[in-house]
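Q: Give the three-dimensional model of this entry:
(one chain, ligands or ions: 1)
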Amino acid sequence: MIFENNRIEELNASAEKEHLRKFEMASSSIKNVEEILQKLSAFQVAIPSWALGSGGTRFGRFSIGGEPRNLEEKIMDIALLHKLNRSSGAISLHIPWDIPKDASHIKSLAAEHGIVFDAMNSNTFQDQPDQEHSYKFGSLQHVKKDVRKQAIDHNIEVINYGKELGSTSLTVWLADGSSFPGQLNFRHAFQNTLEGLGEIYASLPDDWKMFIEYKAFEPNFYSTTVGDWGQSLLLASKLGSKAYTLVDLGHHLPNANIEQIVSILLMEKKLGGFHFNDSRYGDDDLTVGAMRPYQLFLIFNELVEGMDARGMNHATDLGWMIDASHNIKDPLEDLLQSVEAMKIAYAQALLVDSVALKAARENNDVVVAQEILQDAFRTDVRPIVAEARRRAGAALEPLKVFRSMNVRNSLIALRGEKTTATGL
Ligand SMILES: [Mn+2]
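A: Residues are numbered from 1 along each chain as shown. This next block holds a predicted model:
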């Protein structure tokens, strides 16, 4: 490990007095602070295996140095995050970028650091060197049966890797679509996709979920076969009770009301999981909460309200994952920021006075309804989130510890300046 446990304790000790003063102030006006603390510490966010190195853009990639060279090193990076915030106890694996060659070794390495395997991700959006058929014109939607079969077989292979690791979900994101009018018969593309997903679904173990991710555009720019939550919900509904929609915050057309989508999917028992990130223009894959923190809060508000309405367990009944890319920031620092942003939005959502909000709605009191939401959003919950971390044995100030320990320099010394992590 890059740093010793007692460094966290040392740095916590020096920050503790000031923290406790802030925590006391912040918690004095909150009735259910203990309940909120407990929920915050139960909340774990899965880190994607593809987000630990430098991602780059269409135009270039700038190495940050010390990037993990294999799956073991990726797990070690997540272990480091988890040590700092005790909220990153899961990894979402991508196949074939991160094939576990020795599953039992990988599983025990992860377990050693308190990390479990969240959703497995298949990849039919690019061609691999040893693959027979090309996905240039799509995978499950493809006009040729052989190509569809190859994509189906790949997804089943991903499920099998997941079974060995103890994962219980598969995320399917398809780049399928068309870039020019006339290229595709929309109905045939949809039906081929449904048929393929059906075959994959049939291979899903009983206790598994299938997450169907949608995206409005890119890499195709005329149509996307699973382009929005309607298409995803339609597929998930036709497939059965183990199939769900996955919402990636960056996969909508501009200004979509994501919180409303979340609310309806939850009501229909069809919201399965989340890919958190932030964006300004399209699928920007920026740090969670960096651009639209109020939208993030409103989404969490619907999540909390909708999950409570159905008596769901906040921590375990949905897949909480980050899907981001890091072009100019240190990925580990960025991921610490993202997890923190999610926990802040979650804590604020837990503060919403739902009784008063209901009364305001009954009276069509739009002004008070807005005040109630913004009162929660404008509450500084950072000391509450920090206290939850402190009680879990994590760092009061994860970023500060990361920087003061020169973690990136140690990783560069260990792995080299010019390493490239597999993935985006
Ligand atoms: Mn995604």
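Q: got the residues of the stretch 201-350 of the chain near the ion?
A: 248, 275, 323 (C-beta under 5 Å from the ion). C-beta coordinates here come from the backbone N, C-alpha and C atoms, glycine included.
Q: Test my guess that the first one contacts residue 212.
A: No. Here residue 248 lies out of contact with residue 212, judged by C-beta atoms under 8 Å, at a distance of 11.2 Å.
Q: between these two, which one's more packed in?
A: Each of residue 248 and residue 212 has its neighbours counted (other C-beta atoms under 10 Å); residue 212 has more, 27 against 22.
Q: Count the neighbours of the nearest residue to the more buried one once chain neighbours are set aside for me.
A: Excluding the flanking residues, the one nearest residue 212 by C-beta to C-beta, 6 or more residues apart in numbering is residue 232, at 4.7 Å. Per other C-beta under 10 Å, the neighbour tally for residue 232 reads 26.
Q: Confirm residue 232 sits in a helix?
A: Yes. Secondary structure of residue 232 (DSSP: H, G, I helix; E, B strand; the rest coil): part of a helix.
Q: What count of nearby residues applies to whatever residue of the stretch 301-424 of the chain ends up closest to the ion?
A: Closest approach between the stretch 301-424 of the chain and the ion, counting by C-beta to the ion: residue 323, at 3.6 Å. Neighbour count of residue 323, defined by other C-beta under 10 Å: 27.
Q: Where does the closest residue to it other than its chain neighbours sit: helix, strand or coil?
A: With C-beta to C-beta, 6+ apart as the criterion, residue 323 has its nearest non-adjacent residue at 3.5 Å, and that residue is residue 275. Following three-state DSSP, residue 275 is assigned to strand.
Q: so what pLDDT did the closest residue to the ion within the stretch 101-250 of the chain get?
A: Proximity to the ion, evaluated over the stretch 101-250 of the chain using C-beta to the ion, is greatest for residue 248 at 3.6 Å. Predicted confidence (pLDDT) for residue 248: 98.
Q: With the one 10 residues further on instead?
A: Reading off the confidence values, residue 258 has pLDDT 98.
Q: now swap in the one 4 residues further on and tell me
A: For residue 262, the pLDDT comes out at 98.
Q: Not counting its neighbours along the chain, what's nearest it?
A: Closest to residue 262 by C-beta to C-beta, 6+ apart is residue 302, at 4.8 Å.
Q: Please apply the same query to residue 298.
A: What sits nearest to residue 298 in space, not counting adjacent residues and going by C-beta to C-beta, 6+ apart, is residue 259, at 4.4 Å.
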